[in-house]
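Q: Got a predicted structure plus its sequence, pasted below:
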Amino acid sequence: MALNLAKMRNFGIVAHIDSGKTTVSERILYYTGKKHKIGEVHEGATTTDWMKEEQERGITITAAAVFCSWRDHYINLIDTPGHVDFTAEVERSCRVLDGAVVVFCAVAGVQAQSETVWRQANKYSVPRLVFVNKMDRMGANFERVVGQVKERLGGNPVPIQMPIGAGDEYIGLIDLLTMKAYYYEGDKGEDQVERDIPAELKAEAEKRRHAMMDAIASNCGEEEIEMAYLDKGELTNDQIMAGLRAGCRTFKLQPMLQGSALRNKGVQKLLDAVIDILPNPKDAHSIKQFELEDITKSNPSPTACDPKAPLRAMVFKIMNMPNLGDVSFVRVYQGLLQEGDQLVCQPSGKTERAGRLVKLVGSAPHKIEDSPAGDICAIVGLKNTQTGDTLCHQSDNKPMMLEGITFAKPVITMAIEPKSNQDKEKMAYALQRLEREDPTFKKWTDPETSQLIIAGMGELHLEVLSHRIRDEYKVDAVVGKPKVSYRETISKSLEIRGKHVKQSGGRGQYGDCVVKIRPLTDEEKAAGNEFIWLDSISQGRVPREYRPAIEEGVRYELQRGYLAGFPCINVHVELIDGSYHDVDSSQEAFIAAGRLAIREAYPKLGMQLLEPWMKVEVETPDQFTGTIMGSLQSKRAMITETLDRGTNKIIRCEVPLGEMFGYTTELRSMSQGRAGFSMEPSEYKTVPQSMVEKVAKKG
């Protein structure tokens, strides 16, 4: 498939839940000719939300990749979920996209999950456009959203359109580049009609065009454009577009558009902006690759978006689809992936065959023969791949690994067990498949109770997964109540010896180590560390082959915890001394010595119990504010701010996750069903001493 890279765009739609992402995706598919009928979210008839759970709940659960074309350009589009429980879908999508359209509701503006997706786009250096949706809703305010993007997200928004009206009076938009008004006619807004700007809006449009030029010249980073503006006080349309492209690509500015996807207004102009402003795969941020032996990843080299280079492709998502079976979604960064290719998955080294290559529109496959650098496709039937794996050709003399994807750790657990022995095997298979699909879903058996435990990102996440076990894999299961994943940590530093000596006739056991233990610093935690091991032992005190065994023992004991049996995190352990015996020392003896050192240190380390806290945002009609705030404070909430949003109040606070189970029902009953809330993980905080014993008993 010969694709012109300059005419290709890979972009995703990301936003807070209920901002209208999936509706925007549906309109894009309709206007680009991929669909003859628009599917509505409320009717459960959308293309990208094809799973039964998505259609029943009216939300996006899994990121869906589709392809289409616009103005002779080829587009790969990924529609992502907005709910915090499915944040992994946004994470993996941001990792492989060259651009994103961030959708905000014109009434609600920047919400809790909006901040999360914005941070994820920052993390993976994704250029973005902003689309303010729902301009037809009562209380819609484009300018307010522009201000929130600047203040709350630290963005640099540059409006390139101006709305004509708002709420019920929203009828179209003014393009500040062409200085024309656009209206949308026809049954589905398919006829975009260009007219002159209404006389009463002409002066305001001129003023906003100058503000746009000023923002572009000041922030795009192109000296030539800045000088042209300083000289003439004006920019040509070509210079404006060049400045928008450069500023967007280098994250210095975010062009802002607006419309109403449900009322079929503004989506064609959004597609034009995707083509004109977002980068193509060749111009996009280059992904790094590493040699397999380079464990520290200290010597990266950039990938080349070239079909003739050695193959480097990333598996960013795995799904079991009803009509296809195992489907691995792949972004090709370099080289050419062809049907029938013999592949190697890195880092596992397992071999695979690219049996069948497809492009998807929802769950409908379209067969292709190859996928060149810069493209996104799906491979049917890979069995050994995992999310984040790099695919190289088997014949490659120097295979490399691409930068991986990092996922948040699960914060909520619950027990699950099959109703009958017959279901036992089916459940093991189902859980294994789901764990392969979803990196934020984990399973294990509790060593003390022998219960099967599943863990995820929230109540809804685990509820959806347990429904999928029942509906897709036909397993009858009993599910326990959700439980919080607590953690333990230390507050003091200590130097301690762990000496394991046993003599029981014949060869004995001898392992001896001295370790220095301290809490991690804020900088170390900010870098994403939960445990740091440092080997500072002087040469010859303990042979090199035994030192990893000490680390293994230390890690094992920290995983078991002390106060309530939860893993102990944010610990720095330094091996500083030890001794060994020529005959009696062994790997097992040094594992035991490492464990003993931690066990004996625990009572002296000032142990603390930690619990996950969530950032919570509640939106409620004003008359329920007092009741809801009282309820939140009874849940140990720390209220950070309250704001007015039209006739509603916004309450922002931080609350322990353990207090939020079942809050949806509680909030509905307090507000006659009129209030709503969203939450996202914040950080782990210390559990009050009065509650430690209670948690320990539960744990």
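A: Alright, I've got the coordinates.
Q: So, low pLDDT: which residues of the stretch 1-150 of the chain?
A: For the stretch 1-150 of the chain, the stretches with pLDDT under 70 are 1-2, 34-64, 82-85, 112.
Q: mind running it again at 50?
A: Scanning the stretch 1-150 of the chain for pLDDT under 50 picks out 39, 41-46, 48-50.
Q: where do the strands sit along it?
A: For the stretch 1-150 of the chain, the strands defined by DSSP state E, counting those that start in this stretch occupy 8-15, 64-70, 73-79, 99-105, 128-133.
Q: Indicate which one of those is closest to residue 686.
A: Closest approach to residue 686 among the strands of the stretch 1-150 of the chain is made by strand 8-15 (33.2 Å; C-beta to C-beta). For the C-beta atoms, the positions are set from N, CA and C on the backbone; glycine is no exception.
Q: And the contacts of the closest one?
A: 21, 24-25, 63, 73-80, 82, 90, 93-94, 96-104, 113-114, 117, 120-121, 274-275, 278, 280-281, 284, 331, 374-376 (C-beta atoms under 8 Å, 6 or more residues apart in numbering).
Q: need the contact list for the residue nearest the centre of the chain.
A: Centroid-nearest residue in the chain, with C-alpha atoms, centre = their mean: residue 91, separated by 2.3 Å. Counting by C-beta under 8 Å, 6+ apart, residue 91 touches 120, 405, 406, 407, 408.
Q: How about residue 482?
A: Listed by C-beta under 8 Å, 6+ apart, the contact partners of residue 482 are 412, 413, 414, 459, 462, 661.
Q: And those residues, which of them are buried?
A: 412, 413, 414, 459, 462 (16 or more other C-beta atoms under 10 Å).
Q: Return the closest of those with respect to residue 308.
A: The closest of those to residue 308 turns out to be residue 462 (C-beta to C-beta; 46.3 Å).
Q: Could you report the pLDDT at the closest one?
A: At residue 462, the predicted lDDT confidence score is 86.
Q: is it true that it lies in a helix?
A: Yes. Residue 462 forms part of a helix when assessed by DSSP: H, G, I helix; E, B strand; the rest coil.
Q: quick one, phi psi at the nearest residue to it once chain neighbours are set aside?
A: Nearest non-adjacent residue to residue 462, counting by C-beta to C-beta, 6 or more residues apart in numbering: residue 456, 4.6 Å away. Main-chain torsions, residue 456, degrees, to the nearest 10: phi -160, psi -160.
Q: who's residue 456 bridged to?
A: In this entry, residue 456 is beta-bridged to residue 412, by DSSP bridges.
Q: which residues does it contact?
A: 85, 410, 412, 438, 440, 441, 442, 462, 465.
Q: Now distance to residue 529 too, for the residues you listed, in TSV please.
A: Shown next, in TSV, are these (distance: C-beta to C-beta, whole Å):
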residue	distance to residue 529
85	25
410	19
412	23
438	24
440	20
441	24
442	20
462	28
465	29
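Q: Can you report phi and psi for residue 640?
A: Main-chain dihedrals, residue 640, degrees, to the nearest 10: phi -100, psi -40.
Q: Can you tell me the closest non-neighbouring residue to it?
A: Leaving aside its sequence neighbours, residue 640 sits nearest to residue 652 (C-beta to C-beta, 6+ apart; 4.9 Å).
Q: residues in contact with that neighbour?
A: Taking C-beta under 8 Å, 6+ apart as the criterion, residue 652 is in contact with 112, 615, 616, 617, 639, 640, 641, 642, 643.
Q: Specify the local secondary structure of it.
A: Secondary structure, three-state DSSP: residue 652 is strand.
Q: how about residue 33, what does it touch?
A: Each residue near residue 33 by C-beta under 8 Å, 6+ apart is listed here: 68, 69.
Q: what's the spacing between it and residue 70?
A: Distance from residue 33 to residue 70, counting by C-beta to C-beta, to the nearest Å: 9 Å.
Q: ditto for residue 3
A: Per C-beta to C-beta, residue 3 is found 15 Å from residue 70.
Q: Tell me which of the strands of the stretch 1-150 of the chain sits nearest to residue 266.
A: Residue 266 sits nearest to strand 128-133 of all the strands of the stretch 1-150 of the chain, at 7.7 Å, using C-beta to C-beta.
Q: Can you give the distance from the closest one to the centre of its chain?
A: Computed by C-alpha atoms, centre = their mean, to the nearest Å, the separation of strand 128-133 from the middle of its chain amounts to 18 Å.
Q: Give me the angle between it and strand 8-15.
A: Between strand 128-133 and strand 8-15, the angle comes out at 50 degrees (axes from the mean of the first three to the mean of the last three C-alpha atoms, to 10 degrees).
Q: Please report how far residue 450 lies from residue 355.
A: Note on residue 450: its distance to residue 355, by C-beta to C-beta, is 40 Å.
Q: Compare neighbour counts for these two and give me the winner.
A: Per other C-beta atoms under 10 Å, whichever of residue 450 and residue 355 has more neighbours is residue 355, with 12 against 8.
Q: Excluding chain neighbours, what is closest to the more buried one?
A: Nearest one to residue 355, counting by C-beta to C-beta, 6+ apart, is residue 381 at 4.5 Å.
Q: wait, what's in contact with that neighbour?
A: By C-beta under 8 Å, 6+ apart, the contact list for residue 381 reads 325, 326, 353, 355, 356.
Q: quick revisit: out of the contacts of residue 652, flag the one nearest to residue 148.
A: Closest approach to residue 148 among these (C-beta to C-beta): residue 643, at 10.2 Å.
Q: Just give me how far the helix or strand encompassing the closest one sits from the chain centre.
A: Applying DSSP states H and E as the criterion places residue 643 in strand 638-645. Taking the mean of its C-alpha atoms, strand 638-645 sits 26 Å from the chain's own mean (C-alpha atoms, centre = their mean).
Q: Okay, and residue 553 sits in which element?
A: Here residue 553, judged by DSSP H and E, is contained in helix 547-560.
Q: After that helix, which helix or strand is next? Please name it.
A: Going down the chain from helix 547-560, the next helix or strand is strand 571-579, by DSSP H and E.
Q: Now the next helix or strand after that next one: buried residues?
A: Once strand 571-579 ends, the next helix or strand along the chain (criterion: DSSP H and E) is helix 587-601. Residues 589, 590, 591, 592, 593, 594, 595, 596, 597, 598, 601 are the ones in helix 587-601 that count as buried (16+ other C-beta under 10 Å).
Q: Kindly report the same for stretch 125-132.
A: Those would be 126, 127, 128, 129, 130, 131, 132, for stretch 125-132 by 16+ other C-beta under 10 Å.
Q: Dump the residues you listed into a markdown table; add distance to residue 535 as well.
A: Formatted as a markdown table, the buried residues of stretch 125-132 follow (distance: C-beta to C-beta, whole Å):
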| residue | distance to residue 535 |
| --- | --- |
| 126 | 38 |
| 127 | 42 |
| 128 | 43 |
| 129 | 48 |
| 130 | 48 |
| 131 | 52 |
| 132 | 54 |
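Q: Nearest to residue 575 among those residues?
A: Using C-beta to C-beta, the buried residues of stretch 125-132 come closest to residue 575 at residue 126, 40.8 Å.
Q: ok, how many other residues are close to the residue nearest to that closest one when sequence neighbours are not counted?
A: Excluding the flanking residues, the one nearest residue 126 by C-beta to C-beta, 6+ apart is residue 100, at 4.9 Å. Using other C-beta under 10 Å, residue 100 has 29 neighbouring residues.
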